[in-house]
Every structure is written in C-alpha cells, then in structure tokens.
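Student: need a structure here:
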Amino acid sequence: MGYSKQIANTLISHMEEQEYHYEFDQEKGIIRMRFKLKSKLDHIRFVIKIEDCFYVSYGCIDMAADEEQRKEVAEFITRANFGLNFGNFELDMRDGEIRYKHAVDCDHCTLSSQMIETSLNIPIAMYERYGNELLKVMFGMASAEEAVRIAEGEK
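Tutor: Down below sits the predicted model:
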C-alpha cells in the first residue's frame, strides 16, 4: 500500500513554508499536526492520509462521544452534514470518535498552497461553527435538533 511521494513532498513543503509543527510518518504517508480553535474545543488534531491520487485531511477532537449519547451525537452530525459542500463530520459508532473529513483530489491537477490551506481551514471552520453545540449534545445539555439550529444561527 503506497502513497504519492509528489503529494507528500508538496504537503511537506507547504508545512515548512508556513512554519507548521508537524510529524510525518514516511512509512505510512501520514502527516500529523494540531491547530488551535476559537471554541470550547480548544484545538483539533489533523491526520492527513496521503494516497496515490488524493489525500484526506481529518480534523479530530480529543474526546469521544459516550455510548449513551452516541445516537444523539449521530443525529447532530447528520443534521450538521446536510447541505455541507466540502467535507463532512463522521462518528465511529464503535468507539465514539468524531472527526471532520475533507478530501482533495490531486489527479490531473497541480496541488497548490491554496488547496492545502483550504483542506485545513474547512475542518477548522466547521469545528468553530459547530463545536460548542456539539459539546452540549455530547454532555446531554441540548438536543441535536436544537444544537444544530443554534450553530447555524437559527432561533
């Protein structure tokens, strides 16, 4: 199972230019890093998985949905995902892991710094938009429907 060295080199060059702190697992083709958020979630971890013709940027939070709240969190994620154009939230029903996924197709195009920044900024923006309300649902302080409505600026 290989990955594109060209995509990896472009990503790493961008990380270096931006002076991002990251780790690169050369064997697996995975970049790991963290970004600060403007929300109660504080930060997200990025796992960037490089494939042959694309890469996937996963923005992950450091807490999992408890088993008793997973169905409500799943509803929150389904409601939040509806209408999103670039990426989506995911919930692993087995362990409660929550992440935001954004894929970048690099086939037949040249990967640019703007494309890389977008693949990082979209998950950050989604957690800044939905993160505080997601936490309320995770801790049983709000229903999924109410929380998404508030996150999306509806009354």
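Student: now the strands: where do they sit in the protein?
Tutor: 22-25, 30-36, 43-50, 54-60, 88-91, 98-105 (DSSP state E).
Student: what residues does the first one touch?
Tutor: What it means is strand 22-25. With CB atoms under 8 Å, 6 or more residues apart in numbering as the test, strand 22-25 has contacts from 8, 12, 15, 30-33. (Glycine included, C-beta is placed from N, CA and C.)
Student: so what's the gap between the helix ranked longest in the chain and the chain middle?
Tutor: The residue-count maximum for a helix in the chain (DSSP state H) belongs to helix 113-138. In terms of CA atoms, centre = their mean, to the nearest Å, the centre of helix 113-138 is set 6 Å apart from its chain centre.
Student: what do you get for stretch 129-141?
Tutor: The mean C-alpha position of stretch 129-141 is separated from the chain mean by 16 Å, CA atoms, centre = their mean.
Student: wait, which of the strands of the chain is closest to Ala144?
Tutor: Proximity to Ala144 (CB to CB) singles out strand 88-91 among the strands of the chain, at 11.4 Å.
Student: I'd like the average pLDDT over the closest one.
Tutor: For strand 88-91, mean pLDDT rounds to 98.
Student: residue contacts, Leu11?
Tutor: Leu11 neighbours (CB under 8 Å, 6+ apart): 31, 48, 50, 55, 111, 116.
Student: dump those to JSON lines, plus pLDDT and neighbour count.
Tutor: Formatted as JSON lines, the contacts of Leu11 follow (pLDDT from 0 to 100; neighbours: other CB atoms under 10 Å):
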{"residue": "Ile31", "pLDDT": "98", "neighbour count": "21"}
{"residue": "Ile48", "pLDDT": "98", "neighbour count": "25"}
{"residue": "Ile50", "pLDDT": "98", "neighbour count": "25"}
{"residue": "Tyr55", "pLDDT": "98", "neighbour count": "27"}
{"residue": "Leu111", "pLDDT": "94", "neighbour count": "21"}
{"residue": "Ile116", "pLDDT": "97", "neighbour count": "22"}
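Student: alright, calling it a day.
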